[in-house]
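> Just the structure for this:
(2 chains)
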2 protein chains.
Amino acid sequence: MTAIAPAQLLTQLNWRYATKQFDPARTINAATWAALEEALILTPSSYGLQPYKFVIVTDPAVKALLKPASWNQSQLTDASHTVAFVIHKAMGREHIARFIARTSEVRGTHADKLAPYQAMIEKDLVNGPRSAIIAEWATRQAYIALGNFMTSCALIGVDACPLEGIDPPKWDAILGLTDHAVVVACSAGYRAVGDKYATLPKIRLPASELIVRR
Amino acid sequence: MTAIAPAQLLTQLNWRYATKQFDPARTINAATWAALEEALILTPSSYGLQPYKFVIVTDPAVKALLKPASWNQSQLTDASHTVAFVIHKAMGREHIARFIARTSEVRGTHADKLAPYQAMIEKDLVNGPRSAIIAEWATRQAYIALGNFMTSCALIGVDACPLEGIDPPKWDAILGLTDHAVVVACSAGYRAVGDKYATLPKIRLPASELIVRR
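Modelled structure (predicted):
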């Protein structure tokens, strides 16, 4: 068992904060970044469908273009890596078929045996009530990935800053996306020594206002 | 520094799976559960607003009522704890004011100095374009909490199963919620020895289909 102690989890979650100033001189090394990409891939999603992709931005020229499409937040240009979480615009039968094929490939189950499962997912997402909110359903899955990513970064001592204040259509254009749409982003790297936000006490509502017991 | 090695993060993320069969005889001890509640509270959210609550279900009678409102998934009754992620139905000025008051309390900033910030948040969420999708915005924040929760569980060796296949209005009624609405849930506890899903290979699309570089 390689689980960590609960106290260590909390130490790292308390260590993290929405980093405002990244140290532009520090980059995340390749092995560490590879682990974070793997963590993104391992994100749980509804049915395991992964209705998203992760666009990893490291090119300084692309970062410079994204910054003015993000309220000029300096995280874009200073952070080592930025992840744009993008959803499939046409989330439907084709993607579900790909998932079923992948299931068959990974688990060695004959695709025929998976047909009822495929039909069940289609009934929910393509023909059912969820089809009306399919982009939002996919966005929610992307947000699970965002939550997983920020916690994963914190655990391994990488700083991160979620970016909701961005202009998604502009990002789509800059990133050259046509079949996908940016829903949220997150920069990652290492905090600048002088970032005053690093030491400010965290603002959280008291447990009595957040936790309800039944 | 108490960060963990990237390899340990991946070991735990690979260890986790959507647990189908929990061991009903095993409960999460109080100290471990307290840490998971603290992890939930520490979840990052947009502006830090925390537009949600966490309803912790442990009462066997309540669990029994929720099960038929959840496609009879046995996780509801077998798992030690279930978290219902609920959003504020009336997310607006009042909650923003509470957040500003809390900021003033925690950081000792005079509320007057925070007025421009409060106005800026209101301009975005109450009067701006985001007001039209405010419930969805809050739901996305709850999904960050879900992602953080599942990863936190995995890190400390607690099993979890996200539950999207539930009937939220029925859950609201069973949990006696009037000002809040359930958006998703997650059971936590320990896997039963015989759960065959524990050892199945994970289905994830290859990195080449998920990761895009720019």
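
> so where's chain A shaky on pLDDT?
A:1 (pLDDT under 70).

> all strands of it, in order?
A:52-57, A:81-88, A:159-163, A:180-189, A:211-213 (DSSP state E).

> Tell me which of the ones you listed sits most buried.
Ranked by mean neighbour count, the strands of chain A are led by strand A:159-163 with a mean of 26 (mean count of other CB atoms under 10 Å in any protein chain shown). (Each C-beta comes from the backbone N, C-alpha and C, glycine too.)

> quick check, it touching chain B?
Yes. Residues of strand A:159-163 contacting chain B under CB under 8 Å from any CB of the partner chain: residue A:162.

> Tell me what angle that strand forms with strand A:81-88.
40 degrees (axes from the mean of the first three to the mean of the last three CA atoms, to 10 degrees).

> Specify the angle between strand A:159-163 and strand A:180-189 in degrees.
Using the same axes, to 10 degrees: strand A:159-163 against strand A:180-189 is 150 degrees.

> which helices and strands does strand A:159-163 pack with?
Counting contacts by 3 or more CB pairs under 8 Å, 6 or more residues apart in numbering or on different chains; DSSP states H and E, strand A:159-163 packs against helix A:75-78, helix A:134-155, strand A:180-189.

> Look through chain A and state the residue closest to chain B.
residue A:147 (2.3 Å; CB to the nearest CB).

> Tell me how many other residues surround that residue.
Neighbourhood size, residue A:147 [other CB atoms under 10 Å in any protein chain shown]: 28.

> swap in the one 3 residues further on?
The local packing of residue A:150 (other CB under 10 Å) involves 25 other residues.

> Equivalent analysis for residue A:126, please.
16.

> Which residue is the nearest non-sequential neighbour of it?
residue A:92 (5.4 Å; CB to CB, 6 or more residues apart in numbering or on different chains).

> who's in contact with the one you found?
Residue A:92 makes contact with A:125, A:126, A:134, according to CB atoms under 8 Å, 6 or more residues apart in numbering or on different chains.

> At the geometric centre of chain A, which residue do we find?
For chain A, residue A:146 is the residue whose C-alpha lies nearest the centre (CA atoms, centre = their mean; 3.1 Å).

> Give the full set of residues in contact with that one.
Counted by CB under 8 Å, 6+ apart, residue A:146 has contacts A:85, A:162, A:184, A:186, B:144, B:147.

> so residue A:70 sits right up against residue A:162, yeah?
No. Using CB atoms under 8 Å, residue A:70 is not in contact with residue A:162; the gap is 11.8 Å.

> burial count for residue A:42?
Using other CB under 10 Å, residue A:42 has 20 other residues around it.

> so what's it up against?
With CB under 8 Å, 6+ apart, residue A:42 has these contacts: A:148, B:10, B:13, B:14, B:202, B:204.

> I am finished for the moment; much appreciated.
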